[in-house]
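Enquirer: Requesting a structural model of the entry that follows:
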Amino acid sequence: MFSGVEMRGEPVNPRPMVRLACAFLALLIAAAPARASGPAAPDEAVLRQLNAEYVRAYLACDVARFSTLIADDFTGVLADGRAIDRAEFLRQAAQRPDARDLRLHDVAIREYGDTALVSALVTYTRADGAGVRTRYCSVYVRSRGAWTIVWVQWTRAAGP
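Expert: Purely as a prediction, here's the structure:
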C-alpha cells in the first residue's frame, strides 16, 4: 500500500506515522463529549422554546415579542440576499405574513458555549396556493444569562 519515501537519501516507512495518527485520532474521539446519544444540553429546551416563540411572533405580527427576542445589533439576511437591521426587521414583522399552514421540519440546535445555532426547514402555502420551502439559521448569543438572536439568514430551499 505505501511505498518508501526518501528523506535525505534514506527511505522512510510511513506506516508507523499512520498508526500513530490513527491512535491519536481514536484518543480524540474517545475523549470527546458525547453529544447526540446523551441527554439534551441544558439550554436546548430554552432555545427550542425561544424558536417556537419566534415562529408564533411571526404568525401573530407580535412586534413587542420580537423586540425582546432579537438583539439591538441584530442583522437578518433575506432569501433574496438583502441584509436588514433590527428596525427594518421589526417594521416587516408588523405586516401580516402570507403564510398558511406553516410547519417546521428538521429543527436542529447546536450549542457552542454562549453561542447557539438554531436551524429548520419551513414549509407553508401562500394565499394563492403556491407552496413555499425555505431554510433558516438563527444565531443566538447568551449575554447576562439571556439568549437573544443576533443573526438570522433565510434561504430558499429546493423542492423535495
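Enquirer: The closest residue to residue 119 other than its chain neighbours: how many residues sit nearby?
Expert: With Cβ to Cβ, 6 or more residues apart in numbering as the criterion, residue 119 has its nearest non-adjacent residue at 4.2 Å, and that residue is residue 137. For the C-beta atoms, the positions are set from N, CA and C on the backbone; glycine is no exception. Neighbour count of residue 137, defined by other Cβ atoms under 10 Å: 16.
Enquirer: Now do the same contact list for residue 137.
Expert: By Cβ atoms under 8 Å, 6 or more residues apart in numbering, the contact set of residue 137 is 117-119, 152-153.
Enquirer: Name every strand pairing with the helix or strand containing it and say which way it goes.
Expert: Using DSSP states H and E, residue 137 falls within strand 131-143. Using DSSP bridges, strand 131-143 pairs in its sheet with strand 115-125 (antiparallel), strand 146-156 (antiparallel).
Enquirer: Enumerate the positions of the strand or helix carrying residue 55 that are buried.
Expert: According to DSSP H and E, residue 55 maps onto helix 44-60. By neighbour count on 16 or more other Cβ atoms under 10 Å, the buried set for helix 44-60 is 46-47, 50-51, 54-55, 57-58.
Enquirer: Many thanks, we can stop here.
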